[in-house]
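*Asks:* Need a 3D model of the sequence below.
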Amino acid sequence: MAVLDRAELAQMSVIGSMLIDERCIPLVLSKLAPEDFADGTCRATFSAIRKLAAEGRLADPVTVVDAMRGGDRYVGWVREAMECTPTAANVGEYIPMVREHAARKRVLELAEKLPEAADHAQLEMLVRQMISAVSVTDRTPMMTGPERTADFHERMRSEEKPEYLPWGIPTADRCVYAELGDMILLGGYASSGKTLLSIAMATVQAKAGYRVGYYSLETSPEKMTDRQISALSGVPLWKIKRRKFSEEEWSRFAQAENFAAVQAPFDVIDASGLTADDIAAHAIGHGYQVIYVDYVQNLQSPGIRASEGYARVTAISQTLKTFSRNTKTAVVALAQLSRPGKNEPYAPTMHSFKESGQLEQDADAAFLVYPIDKNDTGSNRMFCVAKNKEGWRPNPVELAFHGETQTMVELEPKEDHSVAAELSAQGRAIRQRNRAMAHQMQFQEMRGGDEDNPFV
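*Replies:* All right, here's what the predicted structure looks like:
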């Protein structure tokens, strides 16, 4: 038998423990993955055992060799693995050794790439990956029932209150409990005001202290700034475009510029030509907590043709979702909605997102914005919380749209004294009463003169 080094012996001993005592298999499968085995034969054997276990089949030396489909060439190796493992009792000691070796190997591989880094952002991404590789923790974090309830109790008693992303729209602020690490969609038809609304949202979040990066694939940073300053100063956008303003408006510019630069600063990145992976790397390098992508259908996707819209948007959505979850970065993805067909309702739904159902599946929350009058792009907008995993979905609300000053403001709902509103209120009261009576029998006396008494 060849002389094995410490790492090779640990890997072989883990495999040997699984082969001589099947009780070790659940523990090892919960702690290790195929990529933890640097040795190719160990990796192949582990994968075969995992496959057999997933299928509910016995994993002994005979079935494992058969599952590896290597004929007799693995028989000697499997025998050697069992012979070098006198007892399976120490498998718990071998597992950390295997993981530590895999982490060291991964760090060294990443270190070799450092000289090839194209820029500072890529360099910082590699360093972060190295730090992550060094942190040898369970691949599948879990909490037991007692641990979960104890954690819940401590969180409820803590004086530190949770923080949720602000949106600047009262209805969304009341019901959408979005946090860092969530993916939020903002969908709208073409020219519906998605960018305008997202600039306002980014400003509110930056003012709240979040580090925000706005990746624009359609609008230049200069034009984005024009829109933001118009909204903050109240000076019409056309005046900014034509450079026609008064001294008083200059003063308002100064206040708006200070607010945008000091009180609510966020970065605007010209993202034309970038991929979802490019954006993820850049965002990691700059430490953004919230990023906006305007809009996802314009992102590049190497290896997937532009004509393959469904596959392309699916891959982009999955990349952004994985990035947001793994780095605790909130991703607000703007998306173009499909125009309704001739006989379809004008108001959009989650099914209106173009090309891919993956977007609606990956989103933790989704907002929809669209003009009230489909024939008038200057009409007020409707704002709808179309998906909300952590809260409730309120009725759509109306936003006053001021195109001149690039603002949208939620309107107070108007009192409705119509017959339809009265009937709707009565219907709600009846449903509430029926729900209350659902699990109990109630009796009501019907007097002789009651017009509802069928016996009169």
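
*Asks:* okay, stretch 119-131 in PDB with CA atoms only?
*Replies:* C-alpha atoms of stretch 119-131 as PDB (Å, rounded to 0.1, in the frame of the first residue of the first chain):
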ATOM      1  CA  ASP A 119      -9.600  45.400 -11.600                       C
ATOM      2  CA  HIS A 120      -9.900  46.200  -7.900                       C
ATOM      3  CA  ALA A 121     -13.500  44.900  -7.700                       C
ATOM      4  CA  GLN A 122     -12.500  41.500  -9.000                       C
ATOM      5  CA  LEU A 123      -9.500  41.500  -6.700                       C
ATOM      6  CA  GLU A 124     -11.800  42.200  -3.700                       C
ATOM      7  CA  MET A 125     -14.200  39.500  -4.800                       C
ATOM      8  CA  LEU A 126     -11.400  36.900  -4.900                       C
ATOM      9  CA  VAL A 127     -10.300  38.000  -1.400                       C
ATOM     10  CA  ARG A 128     -13.900  37.600  -0.100                       C
ATOM     11  CA  GLN A 129     -14.100  34.200  -1.600                       C
ATOM     12  CA  MET A 130     -10.800  33.200   0.100                       C
ATOM     13  CA  ILE A 131     -12.100  34.400   3.500                       C
END
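
*Asks:* Buried ones in that stretch, by neighbour count?
*Replies:* Of the residues in stretch 119-131, 121-127, 129-130 count as buried by neighbour count, 16 or more other CB atoms under 10 Å. No exception for glycine: its C-beta is placed from N, CA and C like everyone else's.

*Asks:* Could you do stretch 164-181 as well?
*Replies:* Per 16+ other CB under 10 Å, stretch 164-181 contains these buried residues: 165-169, 171-172, 176, 178, 180-181.

*Asks:* same question, stretch 91-105
*Replies:* So, applying 16+ other CB under 10 Å, buried residues of stretch 91-105: 91, 94-95, 97-99, 101-103.

*Asks:* what distance separates stretch 209-218 from the centre of its chain?
*Replies:* 16 Å (CA atoms, centre = their mean, to the nearest Å).

*Asks:* neighbouring contacts of it?
*Replies:* The contact list for stretch 209-218, computed with CB atoms under 8 Å, 6 or more residues apart in numbering, reads 165, 195, 198-199, 202, 205-206, 224, 266-272, 274, 279, 282-283, 286-295, 298-299.

*Asks:* List the buried residues in stretch 289-297.
*Replies:* 289-297.

*Asks:* sorry, back to before: are any of the contacts of stretch 209-218 buried, and which?
*Replies:* Among those, those buried by neighbour count (16+ other CB under 10 Å) are 165, 195, 198-199, 202, 205-206, 224, 266-269, 271, 274, 279, 282-283, 288-295, 298-299.

*Asks:* Counting only strands, which of the residues you listed make the cut?
*Replies:* Counting by DSSP state E, the part of the buried ones among the contacts of stretch 209-218 found in strands is 267-269, 290-294.

*Asks:* Just give me the closest of those residues to Pro115.
*Replies:* Of all these, Ile269 has the smallest distance to Pro115: 25.9 Å, by CB to CB.

*Asks:* which residue packs closest to Thr275, ignoring adjacent ones?
*Replies:* Closest residue to Thr275 apart from its sequence neighbours, by CB to CB, 6 or more residues apart in numbering: Gln300 at 4.7 Å.

*Asks:* What helix or strand is the residue lying closest to Val91 once chain neighbours are set aside located in?
*Replies:* With CB to CB, 6+ apart as the criterion, Val91 has its nearest non-adjacent residue at 3.9 Å, and that residue is Ser17. Assigned by DSSP states H and E, Ser17 falls within helix 6-20.

*Asks:* Can you list the helices and strands that the helix or strand just after that helix packs against?
*Replies:* Once helix 6-20 ends, the next helix or strand along the chain (criterion: DSSP H and E) is helix 25-31. Using 3 or more CB pairs under 8 Å, 6 or more residues apart in numbering; DSSP states H and E, the elements in contact with helix 25-31 are helix 6-20, helix 40-54, helix 91-113.

*Asks:* For the closest residue to Ile199 other than its chain neighbours, report the pLDDT, please.
*Replies:* Among residues not flanking Ile199 along the chain, Gln228 sits closest, at 5.3 Å (CB to CB, 6+ apart). Looking at Gln228, its pLDDT is 91.

*Asks:* any idea how far Leu52 is from Gln228?
*Replies:* 59 Å (CB to CB, to the nearest Å).

*Asks:* Mind checking which of the two has more residues around it?
*Replies:* Ranked by neighbour count (other CB atoms under 10 Å), Gln228 and Leu52 place Gln228 first, with 24 against 18.

*Asks:* Isn't Trp167 up against Ser198?
*Replies:* No - using CB atoms under 8 Å, Trp167 makes no contact with Ser198, being 10.1 Å away.

*Asks:* Can you pull the domain assignment for this structure?
*Replies:* Per automatic domain parsing, the structural domains of the chain span 6-134, 170-410.

*Asks:* And those: which comes nearest Thr149?
*Replies:* Nearest of the domains of the chain (CB to CB): domain 170-410, 19.7 Å.

*Asks:* Distance across that closest one, terminal residue to terminal residue?
*Replies:* Domain 170-410 has an end-to-end distance of 7 Å (CA to CA, to the nearest Å).

*Asks:* picking that back up, name the nearest of the buried residues of stretch 91-105 relative to Glu308.
*Replies:* Nearest member of the buried residues of stretch 91-105 to Glu308, counting by CB to CB, is Ala102, at 35.3 Å.

*Asks:* What separation do you get for the residue lying closest to that closest one once chain neighbours are set aside and Phe46?
*Replies:* Distance criterion CB to CB, 6+ apart; nearest residue to Ala102, sequence neighbours excluded, is Asp36 at 4.2 Å. From Asp36 across to Phe46, the span is 8 Å (CB to CB).
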